[in-house]
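Colleague: predicted coordinates and the sequence they were generated for:
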Amino acid sequence: DSDEDEQPVIGRRVSWINYPTSPILSTKNKPKAPGDVPRIGIDIGGVLTRESDPAYTGSTDEWDSTWMAPGAFDAVKKIVLVFGADNVFLVSKVRPGGNMHRRMEQWLHETVNFCDYTGVIRDNINFVPAIDGPDGKGAASNQLGLSHFVDDKFEVLRSLWEDPAGNVRHLVERHQGLLFHFAKGGWSGSPPECEPGEVSPIMRRHYRAVANWLDVLDQLRQKLPATLAQKADLLAGPLDEFSKLPIVYPANAAAVRAAKELPPWVRQQQQRVVVSPTSWRATSAEAKPVVKAKAAGLPKAAAAPRAGGALQWSPTSGRPKLVLKPRQESTPEEPTTAPPPVAAQPAPKAVAQASAPPAAA
């Protein structure tokens, strides 16, 4: 497993930040298994999870159910039917109480309900702080009595085979066990490469490089221990049942909160409209008819005001906004028709003067 993202979480709201973690496996306080039956150990990160898969579209911070490696849960379910629930273990290397530790346990127990689906006993999920050494996977596997193991790191398999602080080489040979070198994430379709000189000739008899969980089950079916051979058919069949289930997200994860909460632009529209102290200006922006004083025969002072100010109230944003007055075509003034000329009246004839008085006798 990886501690690459063990940086402190600052300013992030993640659902697993306070999730309680299980105690680290102690080889001193746990009784050693006798090793008289075949047992299998399985890594978590990169084996049960699809690390580095470019097709994964979910969050790498808050894992949903699609973070499972292809076919992993259905494969583990079949392995439990063959080996028995008491003989199937998860062994993962984490920083005790760190980000990866909390994220893994939340995902297994809360998001995907791993134990309920696969039949693995919760007490059989173990965490160790190192790959090798007294606190490594080799010593832990010896304590648990494991004869088979699935891991994406060759260093882990080598620790199981030859770690001086504790290994399970004798159990692997006793039960004809297999050490599976799993391709990280199980999505590439190609088994991992390993230098020929890294695997000793005796270890190579039990070493298997596999591309995915189908390869793991196929190799197991071909070389099951004699006590389990009659159950080989249980390892056959498709591994797609879990992937058909609806996607499940962590409780209170960002994806869940996003589905419940409206986006900011919608919330802004639903907020109560707050009256701006300048809202009175919006009334002046209402269009009013323009009356031309000259056309109406009125003095200029009596003409109606022009279309109002440019500041208007916006019900969408709840704030005043600047609105430019649309340009109006000027209305040509009607030509003034001059009254027809008045015909000149003929000058009145002079009134005939009174007839001259009669001449004197």
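Modeller: All right, it came through fine.

Colleague: quick one: contacts of the strand ranked longest in the chain?
Modeller: The single longest strand within the chain, with elements called by DSSP state E, is strand 88-93. Applying CB atoms under 8 Å, 6 or more residues apart in numbering, the external contacts of strand 88-93 come out as 1, 25, 39-45, 48, 76, 79-80, 104, 119-121, 124-131, 136-137, 140-141, 144, 146, 149, 156. Bear in mind the C-beta positions are built from the backbone N, C-alpha and C, glycine included.

Colleague: please tell me how far residue 47 sits from residue 104.
Modeller: Residue 47 sits 12 Å away from residue 104 when distances are taken as CB to CB, to the nearest Å.

Colleague: just residue 29 next, same as before
Modeller: Counting by CB to CB, the separation of residue 29 from residue 104 is 22 Å.

Colleague: neighbour count winner among the two?
Modeller: It is residue 104, of residue 29 and residue 104, that has more neighbours when counted by other CB atoms under 10 Å, with 26 against 7.

Colleague: wait, that one sits on residue 43?
Modeller: No. Under the criterion of CB atoms under 8 Å, residue 104 is not in contact with residue 43, lying 11.0 Å apart.

Colleague: below-threshold pLDDT in the stretch 1-150 of the chain: ranges please.
Modeller: Across the stretch 1-150 of the chain, the stretches falling below the confidence threshold (pLDDT under 70) are 1-12.

Colleague: one more time with 80, if that's ok
Modeller: Scanning the stretch 1-150 of the chain for pLDDT under 80 picks out the ranges 1-13, 27-30.

Colleague: and for the stretch 201-350 of the chain?
Modeller: 252-350.

Colleague: in stretch 149-163, which residues are buried?
Modeller: When burial is assessed from 16 or more other CB atoms under 10 Å, stretch 149-163 yields the following buried residues: 149-154, 156-161, 163.

Colleague: who's in contact with residue 235?
Modeller: Taking CB under 8 Å, 6+ apart as the definition of contact, the neighbours of residue 235 are 78-79, 82, 217-218, 220-221.

Colleague: ok, now residue 78?
Modeller: 217, 234-235, 237.

Colleague: cool, residue 166 as well?
Modeller: Here residue 166 is in contact with 27, 134, 136, 138-143 (CB under 8 Å, 6+ apart).

Colleague: try 10 Å
Modeller: Residues touching residue 166, when contacts are defined by CB atoms under 10 Å, 6 or more residues apart in numbering, comprise 27, 32, 132-143, 159-160.

Colleague: not counting its neighbours along the chain, what's nearest it?
Modeller: Closest residue in space to residue 166, ignoring its immediate chain neighbours: residue 139 at 3.1 Å, by CB to CB, 6 or more residues apart in numbering.
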